[in-house]
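In: sharing a model that was predicted from the sequence below.
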Amino acid sequence: MEEYDFLIVGAGLSGIDAAYRLQTQLPECSYTILEARDEIGGTWSFFKFPGVRSDSELTLFGLPWRPWIHNTDMAEAHLIREYIEDAARAEGIDRKIQFRHQVTGISWSSEEQRWTVVANADGGVREYKAKFLMVCSGYYDYAKPLEAEIPGLENFQGIVAHPQFWPEDLDYADKKVVIIGSGATAITMLPVVAKTAGHVTMLQRSPSYVLSLPLSSSFGEWARRHFSERVAYTMNWWRCLIQEHFFVYFCIFFPNMARKLIMKEMKEQLPDSVDVNVHFNPKYNLFDQRPCMCPDGDFFRALHRDNCDVVTDHIDTVTADGIITKSGEKLDADIIVTATGLHVHIFGGITPVVDGQPIDVGTCYCWRGAMITGLPNAGMVIGYTKNSWTLGADANVKLLIKIWKHMKKIGATSVMPVNKQSDLSSSKPVVEHSSTYFVTAQSRLPRITGRSPWYGRKNTIYDHLKLWFGSITKGLQYTIPSKKVD
């Protein structure tokens, strides 16, 4: 049985970042990465729907230690996948990945002070031992999307496609397409499908905010012309960070003013036939849910086409050849795309076992967005939902490494968050997000109180201040052979 100091689950952006941090900050430690699929990239190699791309600037969304060198900041999936592959290859991380290893079980033994990880590997079963787990598999289920109840869908005689399982041979040229949804996937897909489809309708139950971002940064282009690659990247990185934080927290602290500004901007880009107050005026404030982003306003430009429109209504029923809304409107369709969201889970949907007892993470507290009560030597690496994802994942990994170094310093063999408060009635889910797919997942998510150290993801400035100056003993119980230190 193979044994490692660290075992990383997942070879996406977060997993590759974790591996880099381990081999540069803890070069004496051994590690491996178990990846369920046969390629690197996570989200960016998994999704195949038309137009799949980032909705964050890659200057921040990319790996902090490897500059994003492309001119386009909101990049297509294949460019991001190639970037992750190149980064892994350049650092030798690709040689540490064991592909087609689907983790199916994780169990901790206090006697051994080890995790046993069980994985299905090419039809067989393999077991691994590890002192510390870093779960970098994200927060959604690759195998199962969010189940949305669409009345009468079984009556439809055309093609039903879900973006998570997009048919590679689906030809939508000259076809009537209805995209059900109003999130990032629908906003991304509509402009691409509209180029060749006969007609495209985005049918949404409720509106979202849609913001237009530059496909390329003019400041980044200027910096690259006048400075070395490293200096230009650093300047542009700080510009992106400051700009993103200013915008996010302006929206949070001044929601009414932010709404007015964004509504005005959307109205200016929409055709006169599309009423911004009907179709793009959400009931929630900005960043209660993440706003949708579109590069150079491609979504708004698509709505100026004769073959593209948006309908805000509820579905009454699906018929053999289309959809009838509650208001009685008939939407003809050859293809229905159900862009209705993701099935959210933590730890890859696996129930951890500690000394023979299953642990329901939905009844546990989250320590600083990185560890869970009752689970020794296990890190949950997830990113930000309001800011760029990778900044949060990287902050988590750095925190876990700091904890490991403290364990070695004091001679501890394990560490586990312990919260004396057991009442969950006043707690909140670790991801405070009003999107349907997060709301329906609340029972599966660890809990927070909002008071240190029982909080979730914050932002990179806050998290790094806590990393440098915060306590790594408050709320943690370290196990030293024959004694415990709080």
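Out: Here it is on my side, so go on.
In: how about the helices in the stretch 251-400 of the chain?
Out: Here the stretch 251-400 of the chain has its helices, by DSSP state H, counting those that start in this stretch, at 255-269, 276-279, 298-302, 389-410.
In: the shortest one: how far from the chain's middle?
Out: Spelled out, it's helix 276-279. Computed by C-alpha atoms, centre = their mean, to the nearest Å, the separation of helix 276-279 from the middle of its chain amounts to 28 Å.
In: which helices and strands sit right next to that helix?
Out: With contacts defined as 3 or more C-beta pairs under 8 Å, 6 or more residues apart in numbering; DSSP states H and E, the secondary structure elements packing on helix 276-279 are helix 255-269, strand 308-312. Glycine gets a C-beta too; all of them are placed from N, C-alpha and C.
In: ok, back up a step: can you tell which of the helices of the stretch 251-400 of the chain is closest to Met371?
Out: With C-beta to C-beta as the measure, helix 389-410 is the member of these nearest Met371 (7.7 Å).
In: give the next helix or strand downstream of that closest one.
Out: strand 414-417 (DSSP states H and E).
In: partners of that following strand in the sheet?
Out: Listed by DSSP bridges, the sheet partners of strand 414-417 and their directions read strand 476-480 (antiparallel).
In: that older thread, let me know which of the helices and strands packed on helix 276-279 is the nearest to Thr351.
Out: For the helices and strands packed on helix 276-279, the distance to Thr351 is smallest for helix 255-269, at 38.4 Å, taking C-beta to C-beta.
In: residues of the regular element (helix or strand) spanning Leu22 that come out buried?
Out: In the assignment (DSSP H and E), Leu22 maps to helix 13-25. For helix 13-25, a neighbour-count test (16 or more other C-beta atoms under 10 Å) marks Leu13, Ser14, Gly15, Ile16, Asp17, Ala18, Ala19, Tyr20, Arg21, Leu22, Gln23 as buried.
In: out of those, which comes closest to Ala130?
Out: Distance to Ala130 across those (C-beta to C-beta) is lowest for Leu22, with 12.1 Å.
In: the closest one and Thr32 touch, don't they?
Out: No. Using C-beta atoms under 8 Å, Leu22 is not in contact with Thr32; the gap is 10.5 Å.
In: intersection of neighbour lists for those two?
Out: The contact sets of Leu22 and Thr32 overlap at Ile8 (C-beta atoms under 8 Å, 6 or more residues apart in numbering).
In: what's the burial count for Trp389?
Out: A total of 20 residues lie near Trp389 under the criterion other C-beta atoms under 10 Å.
In: kindly report the same for Ser182.
Out: Taking other C-beta under 10 Å as the neighbour definition, Ser182 ends up with a count of 25.
In: how about stretch 390-407: buried residues?
Out: With the criterion 16+ other C-beta under 10 Å, stretch 390-407 contains buried residues 390-401, 403-404, 407.
In: sorry, slip of the keys, the one I care about is stretch 282-296.
Out: Going by neighbour count (16+ other C-beta under 10 Å), the buried part of stretch 282-296 is Pro282, Asn285, Leu286, Phe287, Asp288, Gln289, Arg290, Pro291, Cys292, Met293, Cys294, Pro295.
In: how close does the fourth one sit to Thr43?
Out: Phe287 sits 21 Å away from Thr43, going by C-beta to C-beta, to the nearest Å.
In: cool, and the second one?
Out: Using C-beta to C-beta, one gets 27 Å for the distance from Asn285 to Thr43.
In: Tyr462 too?
Out: Counting by C-beta to C-beta, the separation of Tyr462 from Thr43 is 25 Å.
In: who has more neighbours, the two?
Out: Thr43 (17 against 13).
In: what residue, apart from its backbone neighbours, is nearest that one spatially?
Out: When the adjacent residues along the chain are set aside, Thr43 lies closest to Gly12, with 6.2 Å between them (C-beta to C-beta, 6 or more residues apart in numbering).
In: what does Glu112 give?
Out: Once flanking residues are discounted, Glu112 sits nearest to Lys129: 7.7 Å by C-beta to C-beta, 6+ apart.
In: counting by contacts, list what the helix or strand harbouring the one you found packs against.
Out: In this structure, Lys129 sits in strand 124-135 according to DSSP H and E. When contacts are defined as 3+ C-beta pairs under 8 Å, 6+ apart, strand 124-135 sits against strand 2-9, strand 114-121, strand 378-380, helix 389-410.
In: hmm, back to that, out of the helices of the stretch 251-400 of the chain, flag the one nearest Pro207.
Out: For the helices of the stretch 251-400 of the chain, proximity to Pro207 was assessed by C-beta to C-beta; helix 276-279 is nearest, at 5.6 Å.
In: can you give me the buried ones in the closest one?
Out: Those would be Val276, His279, for helix 276-279 by 16+ other C-beta under 10 Å.
In: okay, now the unreliable bits of the protein?
Out: Applying pLDDT under 70 to the chain picks out residues 483-486.
In: tell me which element Ala87 is part of?
Out: Using DSSP H and E, Ala87 sits in helix 77-90.
In: next SSE after that helix?
Out: Following the chain from helix 77-90 toward its C-terminal end, the next helix or strand by DSSP H and E is strand 97-98.
In: could you say what helices and strands that following strand packs with?
Out: When contacts are defined as 3+ C-beta pairs under 8 Å, 6+ apart, strand 97-98 sits against strand 31-34.
In: can you tell me the strand partners of the strand it packs on and which way each runs?
Out: Every partner of strand 31-34, by DSSP bridges, with its direction: strand 2-9 (parallel), strand 97-98 (parallel).
In: okay, those, which one's buried deepest?
Out: Compared across these, strand 2-9 shows the largest average neighbour count, a mean of 21 (mean count of other C-beta atoms under 10 Å).
In: what angle separates that strand from strand 124-135?
Out: For the pair strand 2-9 and strand 124-135, the angle between their directions (axes from the mean of the first three to the mean of the last three C-alpha atoms, to 10 degrees) equals 60 degrees.
In: ok, and what's touching stretch 408-419?
Out: Defining contact as C-beta under 8 Å, 6+ apart, one finds that stretch 408-419 is touched by 110, 113, 131, 365-367, 371-377, 403, 406-407, 453-454, 475-481, 485.
In: with stretch 253-268 instead?
Out: Around stretch 253-268, the neighbours that count as contacts under C-beta under 8 Å, 6+ apart are 209-212, 250-251, 276-277, 280-281, 285-286, 291, 300.
In: do stretch 207-216 as well
Out: Surrounding stretch 207-216, the residues in contact under the criterion C-beta under 8 Å, 6+ apart are 57, 71-74, 182-183, 187, 262, 265-266, 269, 278-282, 286, 289, 291-297, 299-300, 312.
In: rerun at 6 Å
Out: Stretch 207-216 is contacted from outside by 71-74, 182, 187, 262, 279-282, 286, 291-297, 299, using C-beta atoms under 6 Å, 6 or more residues apart in numbering.
In: same question, stretch 312-332
Out: Contact partners of stretch 312-332, identified using C-beta under 6 Å, 6+ apart, comprise 151-153, 155-157, 176, 178, 201, 204-205, 278-279, 333.
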